[in-house]
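*Asks:* Task: produce atomic coordinates for the following.
(chains A, B, C and D)
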Number of protein chains: 4
Amino acid sequence: DLSGFEQNVNNIKPEYMKLFQSENKLLPFTWIVIRIDGSHFHRFSDIQGFEKPNDEQALKLMNSCAVAVLEEFKDIVFAYGVSDEYSFVLKRNTQLYERRASELVSAIVSFFSSSYVMKWKEFFPKKDLKYPPNFDGRAVCYPSYEIIRDYLSWRQVDCHINNQYNTCFWMLVKSGKTTKEAQNLLKGTQTQEKNQMLLNLFNIDYKTLPIIFRNGSSVFWDKEMTVSDNGVITKSYKKVVVEHPNIIEDCFWEVHPLILQEIS
Amino acid sequence: DLSGFEQNVNNIKPEYMKLFQSENKLLPFTWIVIRIDGSHFHRFSDIQGFEKPNDEQALKLMNSCAVAVLEEFKDIVFAYGVSDEYSFVLKRNTQLYERRASELVSAIVSFFSSSYVMKWKEFFPKKDLKYPPNFDGRAVCYPSYEIIRDYLSWRQVDCHINNQYNTCFWMLVKSGKTTKEAQNLLKGTQTQEKNQMLLNLFNIDYKTLPIIFRNGSSVFWDKEMTVSDNGVITKSYKKVVVEHPNIIEDCFWEVHPLILQEIS
Amino acid sequence: DLSGFEQNVNNIKPEYMKLFQSENKLLPFTWIVIRIDGSHFHRFSDIQGFEKPNDEQALKLMNSCAVAVLEEFKDIVFAYGVSDEYSFVLKRNTQLYERRASELVSAIVSFFSSSYVMKWKEFFPKKDLKYPPNFDGRAVCYPSYEIIRDYLSWRQVDCHINNQYNTCFWMLVKSGKTTKEAQNLLKGTQTQEKNQMLLNLFNIDYKTLPIIFRNGSSVFWDKEMTVSDNGVITKSYKKVVVEHPNIIEDCFWEVHPLILQEIS
Amino acid sequence: DLSGFEQNVNNIKPEYMKLFQSENKLLPFTWIVIRIDGSHFHRFSDIQGFEKPNDEQALKLMNSCAVAVLEEFKDIVFAYGVSDEYSFVLKRNTQLYERRASELVSAIVSFFSSSYVMKWKEFFPKKDLKYPPNFDGRAVCYPSYEIIRDYLSWRQVDCHINNQYNTCFWMLVKSGKTTKEAQNLLKGTQTQEKNQMLLNLFNIDYKTLPIIFRNGSSVFWDKEMTVSDNGVITKSYKKVVVEHPNIIEDCFWEVHPLILQEIS
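*Replies:* Numbers count the residues shown, from 1 in each chain, chains lettered A, B, ... in the order given. Coordinates of the predicted model:
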């Protein structure tokens, strides 16, 4: 019976229902960072049997998804990833989704998630994905060049601190300590002491560990040179690259001045 | 060289970086609806070759993802889906993610998206998923029982209007009209006229079309009766069900008073 | 030289400047409370020589300003005041200032402030106002009848607790104790003990103190009966009244059902 | 009877009531502008008999209130006023009221309003204030030096456009035109034509009108030189000054580099 529908068409005003939606547009002319994090990824890593403290394939899968995100959302100028976390930086004057926080966060986190599932087999050909992974996200605005640089530095400092701690922790555990004992041994230690511990106990020079573990991954658009058969550089395309630079110091940003240019 | 890191550990204050995050907690004691929509799903449906005006398998995939969402996020008390859209209603006093809008929207949209990819083969065993689908989402609060009911009615009225229009439109196109001609024929027609058109031109009684197309899909927790071998109902579990009721009229809600109970 | 102006007229786009304004509209169909508080009123009371613990004239000035606010902003259905604080409750579906928080808060706080200065001489004919008082304010939404009632109860409970404490404290100080000694004597005491202290030490029965001190002030629109010379009630106007009822119990609200009616 | 109170003390949790308050903190490290506007000041000006198109005393009263605001709220670095509107610029890293929008707006608008009433007699010794004036306000963040400069330019361009139009309009009306006729004569005219009209019809050179009308008023902290009796500059205090500079061009800002310094 459609009569009920017909009547309701006139009774429920879409304009009224829409009044309840609040826009939450992000402040114009600020760098928007969409940061996503794996939800309950401790459990996910355990169930999927990721290597500790770092699973290189899992990190490469994350990076591959980040590349796909940059290719899909052209207003993202930079991304930085570590562990199960990725930060996407949108250009300062992006008008994507009219800068509405919910839409920006959800569209990026959704695309990242479905990419993660689609690309799984490529990185773990022998492992089944046991259940749908999920990520949560948030949007934060940074109003100046110095502060967006500070944000990225903060994430890389965090990467370093966590990686160093986790490397020590898992070496201790693998050498026979309980997790409790390992925690106690590491309590209050400084960078130098942890490096000393790695060297003395396990003969590991921290500086020689893979740079992807120590520096995290930076994803951005870069020039691509195409060298023709006769050795001539014929064309240059833009492509998304994954690198592992130090993004705390100025050097990287001086070499890539366009990434965070003021008028972008 | 770690000295740069060390120095930065002390310079960048996490508390300062976190100041830029705004919380955006949703008003307590209101029903939160997380509504997700397929992004560019016109293109996605075309590329994946979905049937017009409704692809039953695609709808069932959507429903299956919604069921997974309800099983994962226990505070969701009801979901309503139509086409590439799904609305998830959280219980009035949920404290999930402390009611932070971004986290709620992103976690649900992420889990839905990864479920969609994981379940694809189950519903389209012969079709490859061509590229990662993505959904965007938003959170809206509704402060009273009447208004959350109005919201759900609004979505079902929309389902009806769109389905009736699309059914006519695609029948006309399949019968040889151009899309332009079909649009012109339908311009300004009322419900009655569209039903008449379906009956006269195509011998279709709208009321006999599959109810999933006409009413959309409702997903919720219901009692499950387990009948033992000797015919005795031994246990009753709660399980998530997919049904296609009229959710505009009171009947459904009177039969399921707990779904939107005031003190939930 | 106007040429600079002329040029700028074209360069600065008002639409661009307005993009930075965020709307912050309050959720529809919720009771909006605008609560204002005296800023640094400890200092203000000292400088103006207000009586301790309660200055009846100062309270009556506050009440008179609240009456003016209700007469000016017709969508305010109730106000409750205690000490240097006043809460104004707007009707559930008010569209005043399109429910924009900043405009609502600022317009009410501004009118209250200028009324306070204008009415000062009326309540303190012999005292000069030494400097401009100021109030700050905030808007809060309450989504249900029970919760707006809880809010008002909370304020009156606060009034009671503070008044009882302050009455004891100032009696002790006036009797010769230092403020430190008074604080120590009151530390951890319950309602009963404070009442006992007032009775035993100062022969004061708390229940006999002026009700304006104990219950705070409620301001609302009520019927006014006009009795003509010959004793006949001829007309009834609506006017704003100030009373001191118990607003925690149901009685007051049952007698005035229209104040917080659901569909107001 | 206090038993009801006692019971409620335990039933109503302040923490619960406070959950409904949303913080709305303004983005750190952006310039906050609190702009206040007279509410219904057309009516107010008529009733108070202000001169048209500009009442110099009314403007000076506004300026005097702005000075008082700067002296009270030390984090305000600049204010610009025109007609019944004033914009207050807070320093970039102010922590006043923890950058909460409602508190900032309400405290400033309240202090401005009570100052306006207190200072009325000083500027209008022969006129009674007929009723409490009120102002509404809003907070807007501007993330860069260029944009806060653009904002201020926008307000001064607006001042110029409105003043020029109003000057022409009221001269036409005072010369005998109806308001309708005056509007029609001005419709679509450019700056040059309006100036020509003033010169030809009324022998007024726009450039010679008082600068307070043409440029609005700028209020800020400046050095004060104290010249002693023997002609020696002995001390320099900081004091709040009112001037009428062109704030669109760079000159003013180059002379006062500290006002909008980046690290303020």
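*Asks:* going forward, measure contacts and count neighbours with C-alpha atoms only.
*Replies:* OK.
*Asks:* what ranges do the strands span in chain A?
*Replies:* In chain A, the segments counted as strands under DSSP state E are A:31-38, A:76-82, A:85-90, A:135-142, A:217-227, A:233-243.
*Asks:* Output the shortest one as CSV - backbone C-alpha positions only.
*Replies:* These are the backbone C-alpha positions of strand A:85-90, laid out as CSV (Å, rounded to 0.1, in the frame of the first residue of the first chain):
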residue,chain,number,x,y,z
GLU,A,85,49.5,4.8,11.3
TYR,A,86,49.5,7.1,8.2
SER,A,87,49.3,10.9,8.1
PHE,A,88,48.0,12.5,4.9
VAL,A,89,48.7,16.2,4.3
LEU,A,90,46.3,18.1,2.1
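*Asks:* quick one on the thing from earlier: so which of the strands of chain A gets nearest chain B?
*Replies:* Between chain B and the strands of chain A, the shortest separation by CA to the nearest CA is 4.5 Å, and it involves strand A:135-142.
*Asks:* near chain C, anything from that closest one?
*Replies:* No. Judged by CA under 8 Å from any CA of the partner chain, strand A:135-142 stays clear of chain C, getting no closer than 13.0 Å.
*Asks:* Identify whichever of the strands of chain A lies nearest to C:Val140.
*Replies:* Closest to C:Val140 of the strands of chain A, according to CA to CA: strand A:135-142, at 24.3 Å.
*Asks:* hmm, who's touching that closest one?
*Replies:* A:26-27, A:30-39, A:101, A:104-106, A:109, A:113, A:148, B:20-22, B:102-104, B:106-107, B:110-111, D:27 (CA atoms under 8 Å, 6 or more residues apart in numbering or on different chains).
*Asks:* Out of those residues, name the ones that lie in helices.
*Replies:* Cross-referencing these against helices under DSSP state H gives A:101, A:104-106, A:109, A:113, A:148, B:102-104, B:106-107, B:110-111.
*Asks:* which among the residues you listed gets closest to chain D?
*Replies:* Here the nearest of the ones in helices among the contacts of strand A:135-142 to chain D, counting by CA to the nearest CA, is A:Ile148; it sits at 11.8 Å.
*Asks:* how far away is the residue nearest to the closest one when sequence neighbours are not counted from A:Ile212?
*Replies:* In space, and not counting its chain neighbours, A:Ile148 is closest to A:Tyr142: 5.6 Å by CA to CA, 6 or more residues apart in numbering or on different chains. From A:Tyr142 across to A:Ile212, the span is 26 Å (CA to CA, to the nearest Å).
*Asks:* Kindly report the same for A:Ala58.
*Replies:* Distance from A:Ala58 to A:Ile212, by CA to CA: 12 Å.
*Asks:* Look up the closest residue to A:Ile12, ignoring the ones flanking it.
*Replies:* B:Trp154 (6.2 Å).
*Asks:* right, and that neighbour touches A:Tyr16 too?
*Replies:* No. Applying CA atoms under 8 Å as the test, B:Trp154 and A:Tyr16 come out as separate, 10.4 Å apart.
*Asks:* Looking at those two, which one has more neighbours?
*Replies:* Taking neighbours as other CA atoms under 10 Å in any protein chain shown, B:Trp154 and A:Tyr16 compare with B:Trp154 leading, 22 against 13.
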